[in-house]
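Visitor: from the sequence below, what's the structure:
(chains A and B)
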Amino acid sequence: MVKSSRKSTAAALSTTETRNTEDETTDDIAPPPAEGGADGLVVLNSRRPLRSLRSNQTRNDVGEQIGEQLRSLYEDVLNQPIPDRFLELLNRLESDPISPTRSKTPGEG
Amino acid sequence: MSTYEAAKAGGKGTKADLVAAIPNLRAFAVSLCGNADRADDLVQETLVKAWSSLASFTEGTNLTAWLFTILRNIHYSDYRKRRREAPDPDGAIAARLVSLPAQNAHMDFLDFRSALQKLPLDQREALILVAASGLSYEEAASICNCAPGTMKSRVNRARNRLAEVLALSSTSDIGDCYFIGEQSILPRTGND
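Guide: Prediction:
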């Protein structure tokens, strides 16, 4: 059914699935199991369109949006002023020669 | 002589270098854990730990990458601990309860943040390090203690996964609800 003209949801999904070169997550976007189990992608409301998923244009747009959104999230924080708590912390550490022993933070592990 | 003074005397990282790295640390932490308060706690722990370990920082290498490594290790350590202690380690259930604007026909910021936080942790950090922090695959791989090839495939998987989720989201009608794996992705409130 994935063959030609029939553009089913399953076809659209398997098209994108082939883009996943890796193994781990492909299960998640496999066509839904008949009973709609938790392992598959379950669409509770079947009336929504999936056309754009087949469109390379949209896929590229989404890819670009991902990059933009990611950088936006990151740079939002990056451009914020440094909170005083960190400057105070470093001042405290600097003036406190025994500071290393106070670092009980769980670290490499 | 304190660790810091020793490090300073050796020409290694200084307080000013640490201060300069704080914005990057915060951005990394927020992207990684999706929670501003938790992120700043992570940064604080990282600075304390970094301070006590400055002597082990290799001069000439990337201080930010070194700090990212420390922050990541703390995050993973906490993550494991929380997972043992609580059934909802990083707010997955709570995140599902968040009402999202349902009227948008495009990917909005909340959609994206929500989707990002639902990526597996290894994929999320890979994507952040490479696509947002601007580190090379090699640097990112070093931080995550994996091979560059592994890093690349994680980034690709993360991108594909997000594209899947967000493409679905961008074409969904109000009131739709999607489940991928065991998690509800981008719950739609359908309240208007």
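Visitor: for residue 45, give me the pLDDT.
Guide: No chain was given, so I picked chain A. For residue A:45, the pLDDT comes out at 41.
Visitor: ah, no, chain B please
Guide: 97.
Visitor: buried by neighbour count: which residues of the host helix or strand of it qualify?
Guide: In this assignment (DSSP states H and E), residue B:45 forms part of helix B:36-53. Neighbour counts over helix B:36-53 (16 or more other Cβ atoms under 10 Å in any protein chain shown) mark B:38-40, B:42-53 as buried. C-betas here are computed from N, CA, C, even on glycine.
Visitor: equivalent analysis for stretch B:119-129, please.
Guide: By neighbour count on 16+ other Cβ under 10 Å, the buried set for stretch B:119-129 is B:119, B:121, B:122, B:123, B:124, B:125, B:126, B:127, B:128, B:129.
Visitor: which outside residues touch it?
Guide: Outside stretch B:119-129, the residues within contact range by Cβ atoms under 8 Å, 6 or more residues apart in numbering or on different chains are A:24-25, A:70, A:74, B:28, B:31-32, B:68, B:72, B:76, B:79, B:90, B:116-117, B:135, B:139-140, B:143-144, B:151, B:154-155, B:157-159, B:161-162.
Visitor: out of these, which end up buried?
Guide: The neighbour count (16+ other Cβ under 10 Å) marks A:25, A:70, A:74, B:28, B:31-32, B:68, B:72, B:76, B:90, B:116-117, B:135, B:139-140, B:143-144, B:151, B:154-155, B:157-159, B:161-162 as buried among the contacts of stretch B:119-129.
Visitor: ok, back up a step: turn the buried residues of stretch B:119-129 into a markdown table, columns for distance to residue B:112.
Guide: As requested, these are exported to a markdown table (distance: Cβ to Cβ, whole Å):
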| residue | distance to residue B:112 |
| --- | --- |
| B:119 | 11 |
| B:121 | 17 |
| B:122 | 19 |
| B:123 | 15 |
| B:124 | 12 |
| B:125 | 16 |
| B:126 | 17 |
| B:127 | 12 |
| B:128 | 13 |
| B:129 | 17 |
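Visitor: pull the CA atoms of stretch B:77-85 into CSV?
Guide: Taking Å, rounded to 0.1, in the frame of the first residue of the first chain, the C-alpha atoms of stretch B:77-85 are listed here in CSV:
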residue,chain,number,x,y,z
SER,B,77,24.1,12.2,38.4
ASP,B,78,21.0,14.1,39.7
TYR,B,79,18.9,12.6,36.9
ARG,B,80,19.8,9.1,37.9
LYS,B,81,19.2,9.9,41.6
ARG,B,82,15.9,11.4,40.9
ARG,B,83,14.8,8.6,38.7
ARG,B,84,15.4,6.3,41.6
GLU,B,85,13.5,8.4,44.0
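Visitor: can I assume residue B:113 is in contact with residue B:34?
Guide: Yes - counting by Cβ atoms under 8 Å, residue B:113 touches residue B:34, with 6.5 Å between them.
Visitor: show me what contacts the closest residue to residue B:42 other than its chain neighbours?
Guide: Here the nearest residue to residue B:42 in space, its sequence neighbours aside, is residue B:29; by Cβ to Cβ, 6 or more residues apart in numbering or on different chains that works out to 4.5 Å. Neighbouring residues of residue B:29 by Cβ under 8 Å, 6+ apart: B:38, B:39, B:40, B:42, B:43, B:46, B:71, B:75.
Visitor: low-confidence regions, chain B specifically.
Guide: Within chain B, the segments meeting pLDDT under 70 span B:1-13, B:86-110, B:168-192.
Visitor: how about the strands of it, start to end?
Guide: B:178-180, B:183-185 (DSSP state E).
Visitor: which residues of chain A score low on pLDDT?
Guide: The model of chain A has pLDDT under 70 over residues A:1-60, A:97-109.
Visitor: try it again at 90.
Guide: A:1-69, A:94-109 (pLDDT under 90).
Visitor: which helix runs longest in it?
Guide: Once chain A is assigned using DSSP state H, the helix that runs over the most residues is helix A:56-78.
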